[in-house]
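Colleague: Would you be able to build a 3D model of this:
(2 chains)
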Amino acid sequence: MTTADTAAPRSFNLKRFLADQLRNIAPVFTLVALVVFFSFASSSFLSLDNMLNIVRQLSITGIIAVGLTFVILTAEIDLSVAAVANAVGITVAYFTIQPDYVNIANIPLPGWIAIILALASALAFGLVTAFGMTFIGIPSFIMTLAMMQIANGVSAMLVRGQIAYQYPDLITTLGAGTAFTIPLGVNAAGKAMFIPIGWTIIVCMIFLLVGHLVLTYTRYGRYIYMVGGNREAAEYSGVNVKFIIGSVMVICAVCSGIAGMLGVAYFGSAQQNQFDTFLLDAIAAVVVGGTSLFGGRGGIGNTIIGLLVLGVVNNGLDHIQIDSFLKILIRGLILLAALIINVYAQVLKEKQADLD
Amino acid sequence: MNVNGRHYRTIWLNADGWAGDIIDQTKFPHLFETVTLRTPEDAAVAIKDMLVRGAPLIGVTAAYGMALAMRRASKGMHMGEAAELKGDDAKPVVLSVQGVSDGKNLRDFSIALRAGEITGVYGFMGSGQIELARALFGKVALRRGSVRLDGKAVRFRSTAAARAKGIAFVPENRRMMLFRQEPVYKNVSISILDRIHRLWLKPRAEKRITEAHIKDLQIRPPRTAIPLGSLSGGNQQKVALAKWLTHLPKVLILAEPTRGMDVGAKEDVIRIVKSLRDKGVAILVLSTEPETILTLADRVTVIRKGTVPREFATGHIEKADLLAAA
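Modeller: Coordinates of the predicted model:
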């Protein structure tokens, strides 16, 4: 008889718990530490106004990060999110009538058609990526790198170095409009104070919520985690792995496209390369939040924390006296630290599994 | 004592060498001691003595014919040196494979799997067994030949398609189909989630189903929520089987179903497979070990270089017959 047959009943084990939860604990701890630090370092950081500012700045990145969470959970990566967002944002402007001074040979269409065409283009980007990865077998890293270039090419072809300013009404509302205001009473000067809540925040929250529900409570969500956890085992269990991988790439492209449409309205202009920083931000948010780069661990909850960490860093660094070039370096270092924790959490977890 | 990455306090070896696949006796001669036994009482005394001494790893070599005593004494088991085959051509063919080739390891291979029969495919490593199992489960494509399920021609483009049509497969390495870091119940339910609910997860139903399997298959420890990796190899193999047992498949393909397992689990798996056969499942057992084939199979097909040199349907068959044909 082997001893392994008689495993002892398990009691609570702190070491096991920490090994399990490092990826969830570390980001929350980081967030709290950063908020405390910036609150002391800057008098203007900790205000309701600024907190809402952080959330507002995060909402476009947040929509992209939802799609990216799906992708990273399957142990793939999408490097084309920002380029796709840009191309789709430009597409929706391309099909909208522009002011006289905009020199783009565009095709004005009714707003809802423009939106449908833009969504279709997002879908098309996703489907091409999915096809390349599942049918041809191109690794996601290199496939989405190509798609990034293609989407950038589409953007360039459509605007030809110009800038577009008009979008369908629905897009302008969702991207730049105010959903409702929170009254804050009257200030010392007798003026009514209120805080506007933009539609982008609402849309982002809906995406996060739906993403969470899909990942946690649906059969499809379970498949995503299982494919990410062990792709071969998922396939030998009769899961259609190609469909799961392909579909998360499509979901990610559509999320990016919607973020792109709201983004151009949020910025007030549609031009080339305006989303470039969103690629790193979205990936960083997912990874800093603790979703495993090796797939199968993490989720939208992690992504929310990751987004907040990122938002607090970006915003907080603006509130303290610091060399603006140093900020870029600091962001890089924070990402590196998150990567180390991410990989280390995986190693710990596997070690724990081997001990069992 | 660490063997193949697992911890063993004691390994019993008997005359049939059923643990020979766990450890190569010739490579670790210092770990083995030989005791010659004449009667069942001898065996009991010898084993008790070794347990008392706390010997780390014990080899017991008994004369052939002592197998029964050894089994009683050490819960070992007698694996087949010979078998009486009971192939019955009256039973309906469920899966018929005609002249299939994969362009590499399979050449013009044919076999018919019948309801309520275990068909063994014996061959040396690299003879095409692995490719055959994967092709039938839709993992790899076939170039030529036809596969008919219940008389209808089928061609599976994915493992999901094969599963939907009632084909189940347990690969030779259980790690290939198990999620070590996930709880036991998620491992069991992954293959039947769509039957529980098309859209939503029902964790309570998953756990209830898993509990039933744990009871049926005597999986230890009997808990649904612990990570699968904390189970012993034999119990992991039972979980791999449990994945396919909630809704009985039409065809169950098992590659090396008992390789590297401890004795108790090995006996359990054999019992489970035979009970599935009795429920009418067409079972295909692929193995490079003649003992496994002879213990389980009702009829045997030998595979050599991807093709069939010999089939045995009825009558007495010995290990030597298989080795000679392969």
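Colleague: Show me the shaky parts of the stretch 51-200 of chain B.
Modeller: Applying pLDDT under 70 to the stretch 51-200 of chain B flags residues B:51-80.
Colleague: quick one: contacts for the residue nearest the centre of chain A?
Modeller: Geometric centre of chain A, nearest residue: A:Ala65, 1.1 Å, by Cα atoms, centre = their mean. Applying Cβ atoms under 8 Å, 6 or more residues apart in numbering or on different chains, one finds that A:Ala65 lies in contact with A:282, A:285-286, A:303, A:306-307. Using the backbone N, CA and C atoms, a C-beta is placed for each residue, glycine as well.
Colleague: Could you check how far stretch B:289-298 is from the centre of its chain?
Modeller: A distance of 10 Å separates the centroid of the chain from that of stretch B:289-298, by Cα atoms, centre = their mean, to the nearest Å.
Colleague: which residue is nearest the middle of chain B?
Modeller: Nearest to the geometric centre of chain B sits B:Pro257, at 1.2 Å (Cα atoms, centre = their mean).
Colleague: tell me the contacts of the residue in the stretch 101-250 of chain A that chain B sits nearest to?
Modeller: Using Cβ to the nearest Cβ, A:Gly238 is the residue of the stretch 101-250 of chain A that sits closest to chain B, at 2.9 Å. Going by Cβ under 8 Å, 6+ apart, A:Gly238 touches B:159-160, B:162-164, B:168, B:191.
Colleague: which among the residues you listed end up buried?
Modeller: The neighbour-count test (16 or more other Cβ atoms under 10 Å in any protein chain shown) marks B:159-160, B:162-163, B:168, B:191 as buried among the contacts of A:Gly238.
Colleague: Which two of these have the greatest separation?
Modeller: The span of these, defined through Cβ to Cβ, is set by B:Ala160 and B:Ala168 at 12.5 Å.
Colleague: before we move on, back to that, which helix or strand contains the residue lying closest to the residue of the stretch 101-250 of chain A closest to chain B once chain neighbours are set aside?
Modeller: Distance criterion Cβ to Cβ, 6 or more residues apart in numbering or on different chains; nearest residue to A:Gly238, sequence neighbours excluded, is B:Arg163 at 2.9 Å. Secondary structure from DSSP states H and E places B:Arg163 in helix B:159-164.
Colleague: just B:Gln181 next, same as before
Modeller: Under the criterion of DSSP H and E, B:Gln181 resides outside all helices and strands.
Colleague: and it, how many neighbours?
Modeller: Neighbourhood size, B:Gln181 [other Cβ atoms under 10 Å in any protein chain shown]: 19.
Colleague: I'd assumed A:Gly229 was in contact with it.
Modeller: Yes: B:Gln181 is within contact range of A:Gly229, at 6.5 Å (criterion: Cβ atoms under 8 Å).
Colleague: Mutual contacts of these two, please.
Modeller: The contact sets of B:Gln181 and A:Gly229 overlap at A:Gly296 (Cβ under 8 Å, 6+ apart).
Colleague: how far away is the one residue in chain B that gets nearest to chain A from B:Val281?
Modeller: The minimum distance from chain B to chain A, using Cβ to the nearest Cβ, falls at B:Arg163 (2.9 Å). As judged by Cβ to Cβ, to the nearest Å, B:Arg163 and B:Val281 stand 14 Å apart.
Colleague: do A:Phe29 as well
Modeller: From A:Phe29 over to B:Val281 the distance is 52 Å, taken as Cβ to Cβ.
Colleague: out of those two, which sits in the busier spot?
Modeller: Taking other Cβ under 10 Å, A:Phe29 and B:Val281 do not tie; B:Val281 has more neighbours (24 against 11).
Colleague: Next, the more buried one: phi, psi?
Modeller: Phi and psi for B:Val281, reported as degrees, to the nearest 10, are phi -80, psi 140.
Colleague: Per-residue pLDDT of it, please?
Modeller: At B:Val281, the model reports a pLDDT of 96.
Colleague: out of everything not next to it in sequence, what's closest to it?
Modeller: In space, B:Val281 is closest to B:Leu252, 5.2 Å off (Cβ to Cβ, 6+ apart).
Colleague: Would it be right to say that the one you found lies in a strand?
Modeller: Yes: counting by DSSP: H, G, I helix; E, B strand; the rest coil, B:Leu252 is found in a strand.
Colleague: Check whether it really touches B:Leu276, as I assumed.
Modeller: Yes: at 6.3 Å, B:Leu252 and B:Leu276 qualify as touching, with contact defined as Cβ under 8 Å.
Colleague: Give me the common contacts of those two.
Modeller: Contact criterion Cβ under 8 Å, 6+ apart; residues shared by B:Leu252 and B:Leu276: B:Ile283.
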